[in-house]
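Student: Return atomic coordinates for the entry below.
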Amino acid sequence: MSVVENLSLEQPRAKRQRIEPVINKSSSCSSRCRHWFVRYGICTTCKSTVDKSQGRAFDYLSHGLQLSHEAVAVTKHLTTLVSCSNEKKLHLVLDLDHTLLHTTRAPLLTEAEKYLIQEAASNTRQDLFIWKVPDDLMVFLTKLRPFLREFLEEANKMFTIYAYTMGNRDYAKFVLDFIDPKRVYFGERVITRDESPYMKTLDLVLAHERGVVIVDDTRDVWPDHKRNLIEISRYKYFRMNNSKHSKPYSEEKTDESENGGGLANVLKLLKEVHCAFFRVINEKELEAKDVRLLLQEMEFTSVDKESLIR
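Tutor: As a prediction, this is how the structure comes out:
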């Protein structure tokens, strides 16, 4: 949990004290306020109006929240330091579509796939859901990737997890209600195209890049953070773009392997990264550890690489 996630103007004083070393006057203000924390355009310290250009919005954590660039840098550093030292956890950013699940529109289903509508509506399957947006006639089907629940349970022991999707917030809410209805794994750490419409960036993740691992099926959406990325095989359950090539899982009435599929293989790698990161003689060494170097140093055989991206 980041320092900022503990920030709430409505919280009792005892909880706010956890971030006082970061925002007290001696560290954040000199001759004038630095406007570290802003809510709805008003600095929480000096109550003056602050322009959006003086910081970055973090509405996904708390509506109307903006942090100065200095506050972001300090928060990232402290969050990773505390998480590593106290919890032995790194941070993990997970893509949704084609990484954890596959969603399609019901009208796009082929004749051979239409049986899925009945199966999803019957509630007999825990990996297939049918849903629609309120005030919209469009019906969607979402299929969860095999091994997803086990993956999240294991990853949660080693990482603080973010979801990051190019879908909008309404879409993210619907699919996360299926994946994580009690918000055990993701909490409010859900970044969407509402905050990041064109490309994905770790600038919105409140943890230092040296302690963040990304899992995504699309490399190009991370132009500045490819060194943090583990590229997972693309999960395609439904037929896509009326392809006339090999039948998809949906038409074959089969699925990706639980134990040998994309998520199972990535979990093995995540465990290796976590183990290597915390393999230190003393805690002081943790400050020099960097997952980007670990990922670079881990030399896989061509067979190992193909097992991840096949």
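
Student: just how off-centre is the helix or strand harbouring Ile130 within its chain?
Tutor: Per DSSP states H and E, Ile130 falls inside strand 128-132. Distance of strand 128-132 from its chain centroid, counting by C-alpha atoms, centre = their mean, to the nearest Å, is 22 Å.

Student: Give the next helix or strand downstream of it.
Tutor: Counting by DSSP H and E, what follows strand 128-132 is strand 139-144.

Student: which stretches of the stretch 151-300 of the chain form strands?
Tutor: Secondary structure of the stretch 151-300 of the chain (DSSP state E, counting those that start in this stretch): strands at 159-164, 190-191, 212-216, 229-231.

Student: hey, where'd the helices end up in this protein?
Tutor: For the chain, the helices defined by DSSP state H occupy 13-16, 20-23, 25-28, 69-82, 115-121, 148-158, 169-179, 249-252, 262-277, 291-297, 302-309.

Student: Mind listing what's buried along the fourth one?
Tutor: Looking back up the chat, that one is helix 69-82. Using 16 or more other C-beta atoms under 10 Å as the test for burial, helix 69-82 gives Ala71, Val72, Val74, Thr75, Lys76, Leu78, Thr79, Thr80, Leu81. The way it works is simple: take the backbone N, C-alpha and C, and place the C-beta from them, glycine included.

Student: ok, now which ones touch the fifth one?
Tutor: To tie it back to what came earlier, the one meant is Lys76. Taking C-beta atoms under 8 Å, 6 or more residues apart in numbering as the contact definition, Lys76 lies against Leu206, Ala207, His208, Glu209.

Student: just to revisit the earlier point, need the contact partners of the strand holding Ile130.
Tutor: 106, 116-117, 119-121, 138-144, 174, 178.

Student: so where is the chain shaky, pLDDT-wise?
Tutor: Where the chain drops to pLDDT under 70, the residues are 1-31, 242-245, 299-310.

Student: the inter-axis angle of the strand holding Ile130 versus helix 169-179?
Tutor: 150 degrees (axes from the mean of the first three to the mean of the last three C-alpha atoms, to 10 degrees).

Student: Just checking: what are the partner strands of strand 128-132?
Tutor: Strand pairing for strand 128-132, determined by DSSP bridges: strand 139-144 (antiparallel).

Student: Give the buried residues for the partner strand.
Tutor: Neighbour-count burial for strand 139-144 [16+ other C-beta under 10 Å]: Phe140, Leu141, Thr142, Lys143, Leu144.

Student: what's across from the second one in the sheet?
Tutor: Beta-bridge pairing of Leu141, defined through DSSP bridges, involves Thr104, Ile130.

Student: just to revisit the earlier point, tell me the two of the buried residues of strand 139-144 that are most distant?
Tutor: Spatial extent of the buried residues of strand 139-144 (C-beta to C-beta) is set by the pair Phe140 and Leu144 at 13.4 Å.

Student: Name the nearest of the buried residues of strand 139-144 relative to Leu92.
Tutor: Closest to Leu92, out of all of the buried residues of strand 139-144 and judged by C-beta to C-beta, is Leu144, at 17.8 Å.

Student: Setting aside sequence neighbours, what's the nearest residue to the closest one?
Tutor: The shortest distance from Leu144 to any non-neighbouring residue, by C-beta to C-beta, 6 or more residues apart in numbering, is to Asp127 (4.5 Å).

Student: my guess is that neighbour meets Phe147, correct?
Tutor: No. Using C-beta atoms under 8 Å, Asp127 is not in contact with Phe147; the gap is 10.4 Å.

Student: And the two? Which one has more around it.
Tutor: Phe147 (21 against 16; other C-beta atoms under 10 Å).

Student: The more buried one against Glu258, yeah?
Tutor: Yes. Contact criterion C-beta under 8 Å: Phe147 and Glu258 qualify, at 4.9 Å.

Student: joint contacts of the two?
Tutor: What both Phe147 and Glu258 touch, as defined by C-beta under 8 Å, 6+ apart, is the set Ala264.

Student: buried ones in stretch 105-114?
Tutor: Going by neighbour count (16+ other C-beta under 10 Å), the buried part of stretch 105-114 is Ala106, Leu109, Glu113.

Student: about what we covered before: give me phi/psi at the residue nearest to Leu144?
Tutor: Backbone torsions of Asp127, given as degrees, to the nearest 10, read phi -120, psi 0.

Student: Spit out the contact partners of it.
Tutor: Asp127 neighbours (C-beta under 8 Å, 6+ apart): Lys143, Leu144, Pro146, Leu148.

Student: wait, what's in contact with the second one?
Tutor: Same thing as Leu144. Leu100, Leu101, Asp127, Leu128, Phe129, Phe178, Ile179.

Student: Alright, I will stop here.
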